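Asks: Quick one, fold the following:
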Amino acid sequence: MKEIKARIKTFLSRFFGDHDLQSDEDIFSLGFVNSMFAMQLVLFLEQEFQITVENEDLEFDNFRTINALTNLVERKTVLLACD
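Replies: Residues are numbered from 1 along each chain as shown. Sure thing, here's the model as predicted:
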């Protein structure tokens, strides 16, 4: 979990400048997220963690925070391991 969280934070930090993004901070409310960035984020998750983000995963609550993103990746990787 710590490794997943660290990799997500490193990716997001490239877009948040000097802001020290916290694990429970809502990235949408900070105003950094637009539709193009949202697509970049989905592609990053899929490529970085070898998962597929399905239509049903595309809910704001899955993408609002580093913690939520980490939980999404963990759920998707557990599902892959069970297949």
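Asks: Buried residues in whichever strand or helix holds Met39, which are they?
Replies: Using DSSP states H and E, Met39 maps to helix 35-49. Judged by neighbour count using 16 or more other C-beta atoms under 10 Å, the buried positions of helix 35-49 are Leu41, Leu45, Phe49. To be clear about C-beta, it is placed using only N, CA and C from the backbone, and glycine gets the same treatment.
Asks: Report the distance from that helix to the chain centre.
Replies: Centroid separation for helix 35-49 versus its chain: 8 Å, with C-alpha atoms, centre = their mean, to the nearest Å.
Asks: now do stretch 5-13
Replies: 8 Å.
Asks: mind listing what's buried in that stretch?
Replies: Lys5, Arg7, Ile8, Lys9, Phe11, Leu12.
Asks: Is there a neighbour count for the nearest residue to Phe15 once chain neighbours are set aside? I'd like the number.
Replies: Spatial nearest neighbour of Phe15, chain neighbours left out: Phe32 (5.9 Å); criterion: C-beta to C-beta, 6 or more residues apart in numbering. Neighbour count of Phe32, defined by other C-beta atoms under 10 Å: 14.
Asks: surely Phe32 meets Phe16?
Replies: Yes: under the criterion of C-beta atoms under 8 Å, Phe32 makes contact with Phe16 at 5.9 Å.
Asks: element containing the most centrally placed residue in the chain?
Replies: The residue lying closest to the centre of the chain (C-alpha atoms, centre = their mean) is Leu69, at 3.6 Å. Using DSSP H and E, Leu69 sits in helix 66-82.
Asks: how far off helix 35-49 does that helix point, in degrees?
Replies: 40 degrees (axes from the mean of the first three to the mean of the last three C-alpha atoms, to 10 degrees).
Asks: Enumerate the positions of helix 66-82 that are buried.
Replies: Quick answer for helix 66-82 (16+ other C-beta under 10 Å): Ile66, Ala68, Leu69, Thr70, Asn71, Leu72, Val73, Lys76.
Asks: what helices or strands is it leaning on?
Replies: helix 2-13, helix 35-49 (3 or more C-beta pairs under 8 Å, 6 or more residues apart in numbering; DSSP states H and E).
Asks: Could you export these as CSV, including mean pLDDT and distance to Leu21?
Replies: Formatted as CSV, the helices and strands packed on helix 66-82 follow (pLDDT from 0 to 100; distance: least, C-beta to C-beta, whole Å):
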stretch, mean pLDDT, distance to Leu21
helix 2-13, 95, 6
helix 35-49, 94, 13
